[in-house]
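> Take this sequence and fold it.
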Amino acid sequence: MEDQTADFGPRGYGAVMSALVPAEESGAFAVELPDGWLQGRTTYGGMSAALCVEAARLALPGLPPLRSAQFAFAGPASGRLVARARLVRQGKSAATATAELDGDAGPAVRALLTYGAARDSAVAHRDLAAPDLPGPEDCGPFMGDGPRPRFAENFDMRLAAGSRLMSGGAPTYTLWVRHLAAEGADPLAALVALADAPPPPGMVLFTGPAPISTMTWSADLLAEPGDPGGWHLLRSDCRHAAGGYSEQAMTLWDAEGRPLMVSRQRVAIFA
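Below is the predicted model:
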């Protein structure tokens, strides 16, 4: 199939996803992102993961809802990006797929995606109530006027509780977050991109700016997401940091308080 990689002006999330076009091989899609989606020399991790999820949606239609995803960030995602997906196995109610993202520098992301249809069950337990916090209209910006990664300009992040970066406080925060331009985007991939938008809470302990790099991300989806451009509440906690690595746990709710995702990340820190 002829490669139709397109360049485009707008940098919003919806524009990025609408610019994905079929690549040379079956089940692969290509895009070249504007600089506004970079974190240093790479596309930031949430967008890289979202491209994997979106490629699976486009290449493998008809799968049940995504239930779990594991992402390994192998290298920088820069230049022309190609995302491809392959079905590993599909049973009566569950399916497993792999997704890959490669850039000009080689392998960038390797993902394992697990899908499952809902079924009747007598088991129900919920212990993930959203915290009672002021709404986004009553919260100030999370990131101040200092240096910030370029991709952060695509999101609105407001501090509802916890510590700011490099403040020396407890390494935890709860933020209201939303895409600034997600019109027309698939809600699931948009949620993946949004969930990784804030910086690691371990950066609260930094004494000055320093690089970070997400190594792995494991996410469990709990409910179907809604409006891709709506407000979401995200809590992120650094549980352990030593030897140049940190570990964090995150929970994401929608504006109505429905838990949508729980996840964990391993992050390399250079401070």
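> Need the three-state assignment for residue 156.
Three-state call for residue 156 (DSSP: H, G, I helix; E, B strand; the rest coil): strand.
> so it bridges to which residues?
residue 178 (DSSP bridges).
> count of residues packed around it?
Residues near residue 156, counting by other CB atoms under 10 Å, number 17. No exception for glycine: its C-beta is placed from N, CA and C like everyone else's.
> That one is in contact with residue 178, isn't it?
Yes - judged on CB atoms under 8 Å, residue 156 makes contact with residue 178 at a distance of 5.0 Å.
> what sits in contact with each of the two?
residue 136 (CB atoms under 8 Å, 6 or more residues apart in numbering).
> Now do the SS call for residue 52.
At residue 52, secondary structure determined by three-state DSSP is helix.
> what residues are up against it?
By CB under 8 Å, 6+ apart, the contact set of residue 52 is 71, 83, 85, 99, 100, 101, 109, 111, 113.
> Quick check: helices, which of those are part of them?
The helices, defined by DSSP state H, take in nothing from the contacts of residue 52.
> Filter those down to just the buried residues.
By neighbour count, with 16 or more other CB atoms under 10 Å, these hold 71, 83, 85, 99, 100, 101, 109, 111, 113 as buried.
> in the protein, which spans are helices?
Going by DSSP H, the chain shows helices at 13-18, 45-59, 187-195.
> and the last one, average pLDDT?
When you say that, I think you mean helix 187-195. Helix 187-195 shows a mean pLDDT of 97.
> backbone phi and psi for the spatially closest residue to residue 16 that is not a sequence neighbour, please?
Nearest residue to residue 16, sequence neighbours excluded (CB to CB, 6 or more residues apart in numbering): residue 33, at 6.2 Å. Here is the backbone geometry of residue 33 (degrees, to the nearest 10): phi -80, psi 150.
> OK, contacts around residue 33?
Residue 33 makes contact with 16, 43, 47, 81, according to CB under 8 Å, 6+ apart.
> now residue 186
17, 54, 57, 228.
> Residue 143: which of these is nearest?
Closest approach to residue 143 among these (CB to CB): residue 228, at 21.6 Å.
> My read is that that closest one contacts residue 185, right?
Yes - assessed by CB under 8 Å, residue 228 is found in contact with residue 185 at 4.7 Å.
> what residues are shared contacts of those two?
13, 14, 179.
> got the residue ranges for the strands in the chain?
21-22, 28-32, 38-39, 42-43, 66-73, 80-90, 94-103, 106-116, 155-162, 172-179, 212-221, 232-242, 245-254, 259-269 (DSSP state E).
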